[in-house]
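Trainee: This is a predicted model, with the sequence first.
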Amino acid sequence: MLFLKYLCLVLIIVITTYIGFYKSKIFSNRVKNLKDVKSSLNIFKTKIEFTYEPIKDIFKEISKVVYQDNENIFKSFCKLDDDVTISWNNAVQNSKSDFNKDDREILMLLGKMLGKTDKSGQISQIELVDNFLDKQILDAEEEKKKNEKLYRTLGVVSGLVIAIILV
């Protein structure tokens, strides 16, 4: 009986620690996702400048090169057959990435001009979104520094507190 009690206490500590680490991972993932989108937009900008490939073909290539064909915004965009703007906005909204509301709004800015202007207009729109992403990446890194350790510690400490109370 005593063994079962201690096993439950250890299990509580392990579960709360896992939850804390899981929550802290969201901040790391957000930074990584924003950096991946930024590098993807640089590829997109270069492709628009120097090739005449359709947007879907460029996005398929980005999905393979940057994301190794894992689920991402660009792959989701290619699956949709709506208007370019609608497809992009749906891909951003339905993304399983750890973007916050501001990140999604900035990414949807790109969709407004995507495929609707000439080459220079699209390039300037990509550069605008790229500049906004720089600020978002800085904010995400600050948030990561501040909150990542907090959630890890909170997970461990809350598990220990619950275990002490139950003892």
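Mentor: Sure, I can see it. What you see is a predicted model, and the numbers here were worked out from it, not measured in a lab.

Trainee: What is the three-state secondary structure of E71?
Mentor: On the three-state scheme (DSSP: H, G, I helix; E, B strand; the rest coil), E71 is labelled coil.

Trainee: An error on my part: the question was meant for F99.
Mentor: coil.

Trainee: Now for K45: which residues touch it?
Mentor: 123, 126-127, 130 (C-beta atoms under 8 Å, 6 or more residues apart in numbering). Where you see a C-beta, it was placed from the backbone N, CA and C, and this is true even at glycine.

Trainee: Filter the residues you listed down to the buried ones, PyMOL style.
Mentor: Selection command for PyMOL covering only the buried members of the contacts of K45, criterion 16 or more other C-beta atoms under 10 Å:
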select buried, resi 123+126+130
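
Trainee: Distance to L107 and secondary structure added to the contacts of K45, as JSON lines?
Mentor: Listed next are these as JSON lines, based on distance: C-beta to C-beta, whole Å; DSSP: H, G, I helix; E, B strand; the rest coil:
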{"residue": "I123", "distance to L107": "17", "secondary structure": "helix"}
{"residue": "I126", "distance to L107": "11", "secondary structure": "helix"}
{"residue": "E127", "distance to L107": "14", "secondary structure": "helix"}
{"residue": "D130", "distance to L107": "11", "secondary structure": "helix"}
